[in-house]
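Colleague: Got a sequence here, can you model it:
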Amino acid sequence: MTKQALSARPIQILELLRDGASTAAVASVLGIEPDSVKSALHRAAIRLGARNRTHAVALAIQRGIISAHPGSPPCSCMHTPPAAPEPPSWLTPAASLGQRIWVSLVDGAVVSGRLVAVTSQGIALRVPGRIRQVPMSTIRSLHAAGEGGL
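Modeller: Predicted coordinates:
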């Protein structure tokens with residue numbers, strides 16, 4: 001699936017959802033009806049092979065259709081993104097996509113959720129109601145479910 005497979009509107013919707021916007025907020029920002037947002041998202045999810053809106057955002061990030069970083073400039077549908085760099089070697093054996101993980105951050109906080117994307121810049125976790133981006137520079141350690149906890 002490339003960016004060309006999705007038009008500009010579904011990409012805008014996926015980017016706003018990635019940033020944590022609700023359907024009503026997306027509709028307000030784009031000046032369209034909430035039902036139009038739902039319809040466009042449904043069609044995009046079918047094209048991506050996603051089970052739900054969270055999965056659609058995760059797949060769009062994994063496939064380079066949208067950036068994993070909130071607030072980034074909108075994607076242009078006129079080019080193919082460069083190949084993503086490999087994630088750090090210490091991360092890939094530790095957890096697989098969809099697995100529940102706990103991430104210890106350098107500031108002492110702990111974040112948990114389902115792993116939905118890994119890039120060289122960070123990871124994306126599905127937490128209740130949204131996708132949370134965690135930059136690699138803030139990760140102290142990562143623990144996958146079944147490792148005995150923190």
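Colleague: Which segments of the chain make up each domain?
Modeller: The chain breaks down into these domains under automatic domain parsing: 3-62, 84-150.
Colleague: contact partners of the lengthiest helix in the chain?
Modeller: Ranked by number of residues, the top helix in the chain under DSSP state H is helix 34-48. Around helix 34-48, the neighbours that count as contacts under Cβ atoms under 8 Å, 6 or more residues apart in numbering are 1, 5-6, 9-10, 13-14, 17, 23-24, 26-27, 30, 50-53, 55-56, 59-60, 63, 65. In this view, the C-beta of every residue, glycine as well, is placed from N, C-alpha and C.
Colleague: so what's residue 123 up against?
Modeller: Applying Cβ under 8 Å, 6+ apart, the residues contacting residue 123 are 91, 103, 115, 117, 133, 134, 136, 139.
Colleague: who's the fourth one bridged to?
Modeller: What that stands for is residue 117. Here residue 117 shows beta-bridge partners residue 124, assigned using DSSP bridges.
Colleague: That one reaches residue 66, doesn't it?
Modeller: No. Between residue 117 and residue 66 there is no contact under Cβ atoms under 8 Å: 10.4 Å.
Colleague: who's more crowded, the two?
Modeller: Applying other Cβ atoms under 10 Å to residue 117 and residue 66 shows that residue 66 carries more neighbours, namely 26 against 22.
Colleague: which ones are touching the closest residue to the more buried one other than its chain neighbours?
Modeller: The shortest distance from residue 66 to any non-neighbouring residue, by Cβ to Cβ, 6 or more residues apart in numbering, is to residue 60 (4.6 Å). The contact partners of residue 60, taken as Cβ under 8 Å, 6+ apart, are 6, 11, 14, 18, 44, 48, 66.
Colleague: Now do the helices in the chain.
Modeller: Counting by DSSP H, the helices of the chain are 8-18, 23-30, 34-48, 53-62.
Colleague: Compare the ones you listed and report which one is nearest to residue 98.
Modeller: With respect to residue 98, and counting by Cβ to Cβ, the nearest of the helices of the chain is helix 53-62 at 9.2 Å.
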